[in-house]
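Novice: Sharing a model prediction with you, sequence too.
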Amino acid sequence: MRALRIGAALAALVLGTGVALAQAPKPTDPQIAHIAYTAGDIDVKAANLALQKSKNAQVREFATDMVRDHTAVNQQALALVKKLGVTPQDNPTSQALVKQADENRAKLSKLNGAAFDKAYVDNEVAYHKAVDSALQTTLIPSAQNAELKSLLETGLKIFQGHEQHAEKVAAALK
Amino acid sequence: MFLAAALIGAAAPAGAETITVTIEKLVFAPAQVSAHVGDTIVWDNKDFIPHTATGRNHEWDVTIAAHHSAKIELTKPGTIDYFCKIHPNMKGQITVE
């Protein structure tokens, strides 16, 4: 259940029923950039926690991949907004994501060993699913700038890959 | 001289080809290639993240850094399915005759 909560803000975004986007059904490009960057940053922080706590080689390898890929995507995003002269705009969806991620990380940090590994990897599966859904149904269709849309589309393929990778690690932990 | 020639011969058999598979936006292109024993496969990664070309038969496992290329020489016949370990949604196949 913990794994599901982390994706709640994104799920709300996907369903369009959340408080987050009640007043703005279509996020603007500056908001989309902020949400995408925030979602990546959250995954980097979770991965850094895993690298501090986990001794499982597969989990550590996965976490290392997450730090590297999400950092690279966010660097691309920062370079793009700079080039476009866009200032990412904080918004209720980003804030809800951060709040839930902080709570989730606090819970994860209390776990150790195999319990931590399982909770972290299950959460990664659920989180990437939620992010992929949000990208497909809301963020990509709403993006106005072609380069932003293209980066989000590449991001979606990367995160779908991570989702499959996480599922493989989750299966191996069972 | 003879030794040098033999070494060169071993490194590049007569008629051996180099086949390039481009990686762009998480796609191996072409996804399917046909080659011969002695040919070289080069993966040219145009993405800003690293990928792997990992044979399902575990015969080879190549990491291709972002904006770099990596290669293998095909040493025996067969059909090899491969994928990227980091992004398993990326798939390719090499048929070696």
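Specialist: All right, it came through fine.
Novice: Contact partners for the spatially most central residue of chain B?
Specialist: When C-alpha atoms, centre = their mean is applied to chain B, the residue found nearest the centroid is B:Ile41 (3.2 Å). B:Ile41 is in contact with B:18-21, B:33, B:35, B:53, B:71-72, B:74, B:94, counting by C-beta atoms under 8 Å, 6 or more residues apart in numbering or on different chains. Glycine gets a C-beta too; all of them are placed from N, C-alpha and C.
Novice: For those residues, pick the one with the most neighbours.
Specialist: Highest neighbour count within those, by other C-beta atoms under 10 Å in any protein chain shown: B:Ala53, with 26 neighbours.
Novice: What residues are bridge-paired with it?
Specialist: B:Val62 (DSSP bridges).
Novice: got a list of what it touches?
Specialist: Counting by C-beta under 8 Å, 6+ apart, B:Ala53 has contacts B:21, B:28, B:41, B:43, B:60-62, B:64, B:70, B:72, B:82, B:84, B:92.
Novice: can you check A:Ala166 too?
Specialist: So A:Ala166 contacts A:62, A:121, A:124-125, A:128 (C-beta under 8 Å, 6+ apart).
Novice: quick one: what helix or strand has it in it?
Specialist: Here A:Ala166, judged by DSSP states H and E, is contained in helix A:146-173.
Novice: Next: B:Thr75.
Specialist: Counting by DSSP H and E, B:Thr75 is found in no helix or strand.
Novice: so where does the residue nearest to it when sequence neighbours are not counted fall, helix or strand?
Specialist: Excluding the flanking residues, the one nearest B:Thr75 by C-beta to C-beta, 6 or more residues apart in numbering or on different chains is B:Val37, at 6.6 Å. Following DSSP H and E, there is no helix or strand that holds B:Val37.
Novice: List phi and psi for B:Val37.
Specialist: phi -60, psi 130 (degrees, to the nearest 10).
Novice: Name the SS class of the residue nearest to B:Trp60 when sequence neighbours are not counted, please.
Specialist: Distance criterion C-beta to C-beta, 6+ apart; nearest residue to B:Trp60, sequence neighbours excluded, is B:Ile72 at 5.2 Å. Three-state call for B:Ile72 (DSSP: H, G, I helix; E, B strand; the rest coil): strand.
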